[in-house]
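*Asks:* Here is the input, now give the coordinates:
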Amino acid sequence: MPADVRAICPVCSLPTPAPFDPLSLFGGSSGASKFSPLPAPPPVPVPRPHSGSGTYVQLPEEAAQSAAESVSAAPGKTVAGFEILEELNRGGMGVIYKARQVAMNRIVALKAIIPAKLERPGVRERFMAEVKASALLNHPNIVMVYHTDLDGPFPYLAMEYVPGVDLLRLVRGGGPLPVTDAVYYIRQAADGLQHAHEQGIVHRDIKPSNLMVSPGPIGSDAIKGGRLPRVKILDMGLARVVTPDGQDSDTGLTQVGMFLGTPDYVSPEQAENSRNADGRSDLFSLGGALYFLLTGEVPFPGKTLVEKLRKALTEPPPSPLARRKDVPPLLDSVVRKMLACDPEDRYQHAADVVTALDRILRGEGGPVSSAPPVMAEPEAAGPLAQVKAHDGGIRGLAVTDDGALLVTAGEDSRVRLWQPAKLQEARTFLGDYGTVDGMVLSPNGKRFATCATRLTTSEMGVQLWDLTTGAEQRRLRGPAANVRCVAISQDSKAIAAGADDSMVWLWVADASGPRTFCMKGHSGPVTALWFVAPESLLSAGMDGTVRQWDLRSGKTKGTLPAGVGPISGLAFGGKRVAVAGEALAVRQPTGTFVKFTGHSGNVLCVAFSPDGRLLASGGADKTVRVWSTEDGEEVIVYTAHTAPVRSLAFAPDGRSFYSGGGDGTLIRWAAPVI
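*Replies:* Next up, the predicted model:
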């Protein structure tokens, strides 16, 4: 398993994560970045068109060439001992016919191969490998290959004819399947795979379109007559055969690093090197097929191969239960186990999957429905309390450590104190606040600091206020540009500010008064700050980077691109850093940024729960979303705001949290329990 996606695709460039250190989130020594510049990626080839099923489709000129070269055989014509009955399908390699083998009077699927294709490197060997692999198999859930002739004027492969429909077309035509049907079909496929694996064969291309249901379950006379559908595994063309004496069919045929499989369903280890694929790789692909049958979606969607594989490597296995309500919890756990990134965390044998699915069919994991699917909708969870708090957007939101007061600051030049439970206003401060851009409480709960948009340089800076009286205590000068954000250290001895001049400003308490420092590193306005410790500060900016500063030296400890574009929000939660911008991303303890997808527009603010298990995010799409930080799952979506969500804060006990909207609405929510 590659530690870096670049091991799979050299075009993909990710910084090497540093070991986690609470005081040095990004590693490195003072004054130097941990990450050196990466070399320029090689030229990216022009991408091929891509179908929704994850299969690369032909370019128009290739399709025209295939049509010109295609093997033509009209119905009624007898070719190589086969009477052509009808054309079933055609593609880049040739045409598949329904035919009658005259000598044996049996119906077959006849794959007629374009002769010129067999002259291409590896093609003839691939077909022979398919024949040899199929010759080892004799199982009711695997399509049999009867005969082949690749040397005559009409090259062909004669296979068992399976009337019906593949699972891809079945779901595309009618939507996600009833739970019972999906489990019943995949259970049969797992049974067939167990037989193949026992013969030393790894399929390497399990996907819905390679699983045929016969007879087709829709409008079939056979079904009406009581015949149950049977699943057949198709296409052994990418199969790998390892004989008992250790001979490998891939030897000399598959080059190291060659990609084999279908991007939407391939396992991470097979994507890294197809020779690494074993039976557990087929089970990953089969789990992806099961997820597709239940949800109508691929498990790790993406626009490119690299994006799909990165998700499979870095994101937790998706939950079908999160997509539809009638999935039994036991089935949900089975799917997620099959889709585990590490093969050691999956079922080790296809027979284990059969056993697990049999338990579900017996109802051991809860009732199993054969009714149409009941897709999950976001829970309509309402606010615990809601109030119009300001005439403009709420840009500052904080709760005192004892939970007794909630403080808001708005674009209407007002700071208000609230009784948190019912959002009853306790006091309004009318000071020279300006149009507030940021507000923070001191940890000792005695004062708060604000920054605001100002018109003249003499007014720019940070203001300190007494939380009891609302009186201004001090103005901190220095920046010659508007200050966007402000933070106070845990010991209340330092105040930091980020400004439009790309500087991080720092005021440190001293017996004779605050000492002023400025630190340069960002190439654009600094928009977010967070004290990791009294001597360690995080900053983020419009340049899309997160930087950590050693406040003892005033130098950068490390810099990391967050991958979310210009950053609008930043939060630190024990071992994780969340950044908000064009997307939401969380730097996990492993050192990698993982994107949490759900918002339909820019993410504007983020906040961790006190225990770090939950992350709340507010977006331009007017939603508040809560995530599990451990697995990246979206726990709940709140939709009561009618304007972009500008600020968030959790209560100290973590049981509730607050959001402030661009229209001045303040809402208290119940924090979900996970």
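*Asks:* How about V415: what's its closest non-neighbour residue?
*Replies:* Closest residue in space to V415, ignoring its immediate chain neighbours: F429 at 4.4 Å, by C-beta to C-beta, 6 or more residues apart in numbering. (Each C-beta comes from the backbone N, C-alpha and C, glycine too.)
*Asks:* check contacts around that neighbour.
*Replies:* Listed by C-beta atoms under 8 Å, 6 or more residues apart in numbering, the contact partners of F429 are 414-417, 465, 470.
*Asks:* Ok, E315 next?
*Replies:* Residues in contact with E315 (C-beta under 8 Å, 6+ apart) are 300, 594, 632.
*Asks:* Which residue lies nearest the spatial centre of this protein?
*Replies:* The centroid of the chain falls nearest to K311 when counting by C-alpha atoms, centre = their mean (4.9 Å).
*Asks:* where does that residue land on pLDDT?
*Replies:* As predicted, K311 sits at a pLDDT of 85.
*Asks:* Got phi/psi on it?
*Replies:* Dihedral pair for K311: phi -60, psi -40, per degrees, to the nearest 10.
*Asks:* now swap in the one 10 residues further on and tell me
*Replies:* Summarising the backbone geometry of L321 under the convention degrees, to the nearest 10, its torsions are phi -60, psi -30.
*Asks:* Number of residues surrounding it?
*Replies:* Using other C-beta atoms under 10 Å, L321 has 19 other residues around it.
*Asks:* what's the closest non-adjacent residue to it?
*Replies:* Among residues not flanking L321 along the chain, D332 sits closest, at 3.9 Å (C-beta to C-beta, 6+ apart).
*Asks:* hang on, the one you found packs against R323?
*Replies:* No. Shown here, D332 and R323 do not form a contact pair, counting by C-beta atoms under 8 Å, at 9.8 Å.
*Asks:* can you tell me which helix in the chain is longest?
*Replies:* helix 179-198 (DSSP state H).
*Asks:* quick one on the thing from earlier: could you give the secondary structure assignment for the residue nearest to L321?
*Replies:* Using DSSP: H, G, I helix; E, B strand; the rest coil, the structure places D332 in helix.
*Asks:* list the contacts for the nearest residue to G410 once chain neighbours are set aside?
*Replies:* Excluding the flanking residues, the one nearest G410 by C-beta to C-beta, 6+ apart is H390, at 3.1 Å. By C-beta under 8 Å, 6+ apart, H390 lies in contact with 408, 410-412, 414, 416, 660, 664, 666.
*Asks:* in a strand, that's where H390 is, yeah?
*Replies:* No. Counting by three-state DSSP, H390 is not part of a strand but coil.
*Asks:* how close does it sit to T435?
*Replies:* 11 Å (C-beta to C-beta, to the nearest Å).
*Asks:* contacting residues around the biggest strand by length in the chain?
*Replies:* With secondary structure taken from DSSP state E, the chain has its longest strand at strand 82-91. Defining contact as C-beta under 8 Å, 6+ apart, one finds that strand 82-91 is touched by 66, 70, 73-78, 95-102, 107-110, 156, 158.
*Asks:* Repeat that for stretch 230-239.
*Replies:* So stretch 230-239 is contacted by 126-127, 129-130, 133-134, 137, 140-143, 145, 160, 162, 164, 166-167, 185-186, 188-189, 192-193, 196, 201-206, 210-214, 249, 260-261, 274 (C-beta under 8 Å, 6+ apart).
*Asks:* Just the buried residues of these.
*Replies:* 126-127, 129-130, 133-134, 137, 141-143, 145, 160, 162, 164, 166-167, 185-186, 188-189, 192-193, 196, 201-206, 210-214, 249, 260-261, 274 (16 or more other C-beta atoms under 10 Å).
*Asks:* Give me the distance between the two termini of stretch 521-531.
*Replies:* 17 Å (C-alpha to C-alpha, to the nearest Å).
*Asks:* quick one: average pLDDT of that stretch?
*Replies:* Across stretch 521-531, pLDDT averages out at 95.
*Asks:* looking at it, F517 is touching M503, isn't it?
*Replies:* No. Using C-beta under 8 Å as the test, F517 is too far from M503 to be in contact (9.8 Å).
*Asks:* more neighbours, those two?
*Replies:* Between F517 and M503, counted using other C-beta under 10 Å, M503 has the larger neighbour count: 23 against 16.
*Asks:* Quick one: low-confidence residue ranges for the stretch 201-350 of the chain.
*Replies:* Judged by pLDDT under 70, the stretch 201-350 of the chain has its weakly predicted residues at 216-227, 237-261.
*Asks:* all helices for it, in order.
*Replies:* Here the stretch 201-350 of the chain has its helices, by DSSP state H, counting those that start in this stretch, at 221-224, 268-272, 279-295, 305-314, 329-338, 350-361.
*Asks:* so of those, which one's packed in deepest?
*Replies:* Most buried of the helices of the stretch 201-350 of the chain by mean neighbour count (mean count of other C-beta atoms under 10 Å) is helix 279-295; its value is a mean of 26.
*Asks:* what's that helix packed up against?
*Replies:* If you count contacts as 3 or more C-beta pairs under 8 Å, 6 or more residues apart in numbering; DSSP states H and E, helix 279-295 packs onto helix 167-174, helix 179-198, strand 201-202, helix 268-272, helix 329-338, helix 350-361.
*Asks:* from the middle of its chain, how far away would that helix be?
*Replies:* Offset of helix 279-295 from its chain centre (C-alpha atoms, centre = their mean, to the nearest Å): 17 Å.
*Asks:* contacting residues for I495?
*Replies:* With contact taken as C-beta under 8 Å, 6+ apart, I495 is in contact with 449, 462, 464, 476, 486-489, 506-507, 514.
*Asks:* Quick one: which of those residues has the lowest pLDDT value?
*Replies:* Lowest pLDDT among the contacts of I495: P514, with 75.
*Asks:* How about that residue, nearest residue that isn't a chain neighbour?
*Replies:* Nearest to P514 is W507, by C-beta to C-beta, 6+ apart, at 4.2 Å.
*Asks:* show me what contacts A616?
*Replies:* 606-609, 624-627, 648, 650, 657, 659.
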